[in-house]
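K.L.:
structure of the sequence below:
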Amino acid sequence: MKKIVMATCLLLAPFIGFNSQNIVKGIVVDNDSEKPLQGVLVKFKNTLLSKTTDSEGAFLFKNLTQGKYLLEVNFKGYETQNISLELFDKTLDLGIISLFKDISEDQDLSLITITDDELNDDVSSADNISGLLQSSMDIFLRTAAFEFSSSFFRVKGLDSSNGKVLINGIEMNKIYDGRAQWSNWGGLNDVLRNQEFRSGLSSSDVTFGGLLGSKNMNTRASEQRYGTRVSYSSSNRSYQHRVMATHATGIIKNGWAFTFSGSRRAGNEGFNEATSYSANSFFASIEKKLTDKSSINFTGIFTPNRRGKSSPNTQEVFDLKGIKYNDYWGFLNGKKTNSRIKEVSEPIIMLNHYWDISDKTSINTNIAYQFGKIGNSRIDYNAGSNPSPTYYQTLPSYFLRNDNYEKAYDAQNNFLNDGQINWIRIFDANSINASSNLENAYVLYEDRNDDKQLSINTILSKEINNNILLNGKVGLKRLQSQNFAEVIDLLGGKGYLDIDPFGATENEKQNNLLNPNRIVGVGDKFKYNFNLNSTIISAFAQAQFNYNKIDFYTAVNFSNTTHQREGLYKNGGFPDKSLGKSKEQKFTNYGIKTGGTYKITGRHLVDVNVGYLTNAPTIRNTFSNSRENNNEVFDLQSEKTLSSDISYVFRNPIITSKVTAYYTSIKDATEISFYFADGVGGDNTAFVQEILSGIDKKHLGLELGLEAQLTSTFKLKGAASIGQFTYDNNPNLELTTEADTESLVAGFVDGSKDFGEANLKNYKLAAGPQNAYSFGFEYRDPNYWWFGATVNFFSNTFIDISPLNRSKNFYLDDDGLPFLDYDTTIAKELLKQEKFDDYSVVNLVAGKSLKINKYYISVFATVNNLLNKTYKSGGFEQGRNANYRQLKEDKSLDKPVFGSKYWYGRGTTYFLNVSVSF
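P.N.:
From the prediction side, this is the model:
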C-alpha cells in the first residue's frame, strides 16, 4: 500500500494542475483513520524550505525554482515518506499523502526511562546528559544516551548546564545552578515525544543554545499523535511500577485540540536500600485555532514527586555492606524510613501564540509561570550526638587508628548487624528531654527552595528567499526564590531550640538575633531565611544560509543578568552582613558562533563550528554563603568559553559514520563547596565555604560513531569517545567561615582567609569516564521484533580532588613556616589523584510490536549491566585532612578514617514496558 501511494504521487505529479507557477501542495492524512494530520513537517531536503501542515493537513509551497527535489514528510510516530519531484513551471498537487504509523517506535522508551531513572539525583547523576540527547539522530550521541549514561559519562567532559532544555521555546534550565530539573516533567513521556535537538554549537531556530546544544520539546495539542495510549512499566532502578495513560483528540470541531496525560510511578525501594519513590504526573494541552494563520495553546504540567536519597560512602563502608548500602535510613515501626527525602512540586503553566504573518514570516510569543517548592529533608541535632551510622567515631577504622582492637571488633559487628539510623534512640532522647521540660535533642527538617519564575519571549522566523533564513528572539526571565529551613517532625519531642551550637558566644550561636533562643515546632521556619532575586534579559539573532555545496550560519547572543540576596534573619555570626538586601550583582554577557557544512559529495561532508561565549555566574556561585550572609564572591567574573569542533561524515547505503575532533577552553569559572575541615592554619578546625575562583579548564578529544547496515535486518554499530579534561591553571582559593575567636586563631580576618593559588594545573577533572567505547549489533525482523546487544568499555575515571590540600595550607604549620618533617616525595604520593579501575558493561535490548485490529501493541525490555559488574562511577576526596601531617597519618592506616567517598554504579537492572495504542 505504501509503495502504491508513493508511486501514484510520482506518476501524477508532472500532470496535475496548470493554473500557477512553481507551486507544490498536498494534504497529509493518517492512513488508518484518514483524518488530516496537523503539524507534519514537510521539507525539501538539502534546502531551508519547510512547512508544517495546518489543521486540514494541508501544506503549500510557492515561488519554487525549477529543478529536481526530494520532499520529506515527517511526523513523530509515523514512518517518514520521501517523494522525488521535478519542477518545471507547473503546479504540483500531490493530493492525499497517507502516513503509516511506525509500530516499532517504542524502542526509544529506553532513552526516556534513562531520563526518569538517572536524572533525578543530586550528585553525579544530576549531571547526566542523556535526557538532552535522547532525540538526537547522531550515532555517537545516541550511543552516549543509550549506553554511556549509566556510568555518568559527560559528553566532551562538560557539565549538563551547557545544554539548554526548552518547552515550546521557553528555556527550562534553573537560574540557580543552570541545570534542568528533569523531575518537573518526569512521567510524561507520551506527550514529550515531539522534540527538536541541535547538537553542540549548531544552529537552532529558537535559542542560541549552549556548548552541548539544545532541545526544544513541543507540547502543542494539535501536533500530538491523536488517539489513546495506555502503558505499564516495571523496573528495579528507581521506581518499581509505572502506569501511564494519554489521549489526544487532534483538531476537532471549531478548531479545538485537546491532549491529556497522566502517570503514576511508585516503589518502596529502588536499586539502593530505602530509596522509596512516589510520583504523580499530570498534563493538559489545549489549543484553539483563531484564524487560518494563528492559534493559541495552553499547557499545564504538574509532576509532584518524592524519593529517598542514597549516600556516598567510604571504601571501608562498601567493603562491609556492599554497593546497595545506604546510611540514610533506619527501621521505624517496622518499615524502612529514609531521613533524606527529596520532594519536588513545581507546576508549570504556559501560553503560546503562533502566528504565520505570511508564508515566509512567523512569530511565536510565549509566556510561562513556574512556582512551587523543592524540599530536602535531614536530621538536625544541636543537642544530641551525630545519628549517622557511618559517623567516623562509630566505624572500626576510628578504633584501629588507636590500636584498640577490641572496640574495633565490636564496632564492626555492630555495623554489620545493624548499621542504620536508630530512630528509637532518637525518639527516646527527645521524649526524655520533654519529660524534663527540655528542648529536643533531634529534629527532622527540610531545606526549602520555594521559587516563582516568570518567563516571556518572542521568537521571529523570516525566510528571505529559498536559501536564507533569519531567526530572532528577545526574552525576559525573573526569579523570586524563598530559601529557608522548616521543621517537619519533632520526633517525639516538644520543641527545638533554634541556635547554632558551634557559636563561640551567646550572640554567635543565634541564627536570628531578632528572635533569640526561639523554640520552634512543626511548620516553623528556622536556621536560615532569605530571598534570592534574579532577572535575565536576553536577545539572540541568527542567519542561516543553505546552498547546493555549502550550508552555514552565524548567530549572536546578548544578555544582562542581575542577582541579589535579601536576608530576613540577622545571623549572630554575621550581624552586620546578613539582614537586608545585598548589593546587586550585575553582568553583561554575549556570545557569537558560526559554522558550516561543506558537501564534498553526497557521501562526504565536512562540518565546522566555532564559538566564543561569556556566561554570568549562577546564583549558586555568586554568594559565598547565602544561607548566613550577603557576602558576594570577591572579584566575581563572567565565565569565558572558546569552543570549536570539526567533523567528517561519510555515508553510503551500507556505512554511516562520523568522526569529530573538538577543543574547548573555559576561563574564569567559579566553584563553591561547603565542608568541615581539620588542619586549617595548623591544627584548627572549622566549617568552611571553599571559594575557588579564576578556574581555567581544558577539554579536548575525539568522538566517533559508526553504523554498518550489513543486511536489511542486521546492523553493526560502534562508538568511541577519547577525551582529556584537565584544570588548565592554578586558581585562587579562599575560605570563609564565621568571624569568631576560633577563626581568628586559624588566621581568618573578618571570617575570610586567602590561601593564594591552589596547585591544580594538569589534574584531571572529575567528569566521569574520559574514555568510553561501545560495540554492538541490532537485528530487526520484518515481523516487527528486534534484539540488540552492546559491550561498553570505560576508562580514565578520576576522583574529584580537594583544592585545599593543593594549597599552601597543606605544607605550612600554624607558625607560617613549612612543617619540619615535610617530605616532597611523600607529599607528591599523598596528593596523587586516584584513578578508578577500568570496567566493561554488557547491555541488552529487545522488543516486539504488532497490530491487532485497531490496536497497536508494543512490548519492550532492556537489561543493563547484564554481568553485574561492580564499578566506581564517581567520588570525592574529603576535606577533613587539610594538611600534610594529618593526611599522611590517615593514609598510613589500612583503613583511613577520612578516606574518599564514592558512588558505585548499579548492578544488573532491568526495565520492561507494555503499551497499547488505539
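K.L.:
would you mark the buried spots in the host helix or strand of Asp93?
P.N.:
Using DSSP states H and E, Asp93 sits within strand 91-99. For strand 91-99, burial by neighbour count (16 or more other C-beta atoms under 10 Å) applies to 91-94, 97-99. Backbone N, C-alpha and C define where each C-beta goes, glycine included.
K.L.:
ok, Trp185 touching Thr303?
P.N.:
Yes. Assessed by C-beta atoms under 8 Å, Trp185 is found in contact with Thr303 at 6.1 Å.
K.L.:
the strand holding Asp93 packs against which elements?
P.N.:
For strand 91-99, the helices and strands in contact under the criterion 3 or more C-beta pairs under 8 Å, 6 or more residues apart in numbering; DSSP states H and E are helix 2-12, strand 23-30, strand 67-74, strand 81-87.
K.L.:
quick one: Ile826 is in a helix?
P.N.:
Yes. Applying DSSP: H, G, I helix; E, B strand; the rest coil, one finds Ile826 inside a helix.
K.L.:
can you map out the strands along the stretch 251-400 of the chain?
P.N.:
Here the stretch 251-400 of the chain has its strands, by DSSP state E, counting those that start in this stretch, at 256-267, 277-289, 294-302, 305-308, 313-314, 329-332, 335-338, 341-345, 348-356, 361-371, 373-380.
K.L.:
which stretches of this structure have low pLDDT?
P.N.:
Scanning the chain for pLDDT under 70 picks out 1-21, 89, 103-137, 681-683, 740-746.
K.L.:
tell me where the stretch 751-900 of the chain has helices.
P.N.:
Assigned by DSSP state H, counting those that start in this stretch, the helices in the stretch 751-900 of the chain fall at 824-830, 884-891.
K.L.:
select, out of these, the one closest to Tyr277.
P.N.:
helix 884-891 (36.8 Å; C-beta to C-beta).
K.L.:
run through who's touching the next helix or strand after that closest one.
P.N.:
Using DSSP H and E, the next helix or strand after helix 884-891 towards the C-terminus is strand 901-904. Residues outside strand 901-904 that contact it (C-beta atoms under 8 Å, 6 or more residues apart in numbering): 123-124, 152, 312-315, 318, 323, 870-876, 878.
K.L.:
what do you get for stretch 594-601?
P.N.:
201-203, 548-555, 605-611.
K.L.:
tell me which of the helices of the stretch 751-900 of the chain sits most buried.
P.N.:
Stretch with highest mean neighbour count among these: helix 884-891 (a mean of 18; mean count of other C-beta atoms under 10 Å).
K.L.:
now it, how far from the centre of its chain.
P.N.:
37 Å (C-alpha atoms, centre = their mean, to the nearest Å).
K.L.:
hmm, back to that, and for Trp185 and Thr303, which residues touch both?
P.N.:
Ser281.
K.L.:
send the alpha carbons of the strand holding Asp93 over as PDB?
P.N.:
The C-alpha trace of strand 91-99 is given here as PDB (Å, rounded to 0.1, in the frame of the first residue of the first chain):
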ATOM      1  CA  THR A  91       1.600  23.400 -10.000                       C
ATOM      2  CA  LEU A  92       2.200  20.000  -8.500                       C
ATOM      3  CA  ASP A  93      -0.800  18.900  -6.400                       C
ATOM      4  CA  LEU A  94       0.400  15.800  -4.700                       C
ATOM      5  CA  GLY A  95      -3.200  15.100  -3.500                       C
ATOM      6  CA  ILE A  96      -3.600  12.900  -0.400                       C
ATOM      7  CA  ILE A  97      -0.400  11.700   1.200                       C
ATOM      8  CA  SER A  98      -1.000   8.900   3.700                       C
ATOM      9  CA  LEU A  99       1.300   8.400   6.600                       C
END
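K.L.:
just checking: what are the partner strands of it?
P.N.:
Within its sheet, strand 91-99 is paired with strand 23-30 (parallel), according to DSSP bridges.
K.L.:
neighbours of Asn466, just the number please.
P.N.:
17 (other C-beta atoms under 10 Å).
K.L.:
isn't it up against Thr65?
P.N.:
Yes. Contact status for Asn466 versus Thr65: in contact at 6.4 Å, counting by C-beta under 8 Å.
K.L.:
of all the helices of the stretch 751-900 of the chain, which one comes closest to Glu703?
P.N.:
helix 824-830 (33.6 Å).
K.L.:
run through the neighbouring helices and strands of that closest one.
P.N.:
helix 884-891.
K.L.:
which helices and strands sit right next to the helix it packs on?
P.N.:
Going by 3+ C-beta pairs under 8 Å, 6+ apart, helix 884-891 lies up against strand 655-680, helix 824-830.
K.L.:
output that helix as CSV, nothing but the C-alphas.
P.N.:
Extracted C-alpha coordinates of helix 884-891, given in CSV (Å, rounded to 0.1, in the frame of the first residue of the first chain):
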residue,chain,number,x,y,z
TYR,A,884,50.4,17.2,55.3
ARG,A,885,50.7,15.6,58.8
GLN,A,886,47.0,14.7,59.1
LEU,A,887,46.7,13.3,55.6
LYS,A,888,50.0,11.3,56.0
GLU,A,889,48.8,9.8,59.3
ASP,A,890,45.4,8.9,57.9
LYS,A,891,46.7,7.3,54.6
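K.L.:
can the helices and strands packed on helix 884-891 go into CSV with extra columns for distance to Lys335?
P.N.:
Putting the helices and strands packed on helix 884-891 into CSV (distance: least, C-beta to C-beta, whole Å) gives the following:
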stretch, distance to Lys335
strand 655-680, 32
helix 824-830, 44
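K.L.:
from those, which stretch is densest packed?
P.N.:
The most buried one of the helices and strands packed on helix 884-891 (mean count of other C-beta under 10 Å) is strand 655-680, showing a mean of 18.
K.L.:
thinking again about what came up before, so which of the helices of the stretch 751-900 of the chain is nearest Lys373?
P.N.:
helix 884-891 (40.0 Å).
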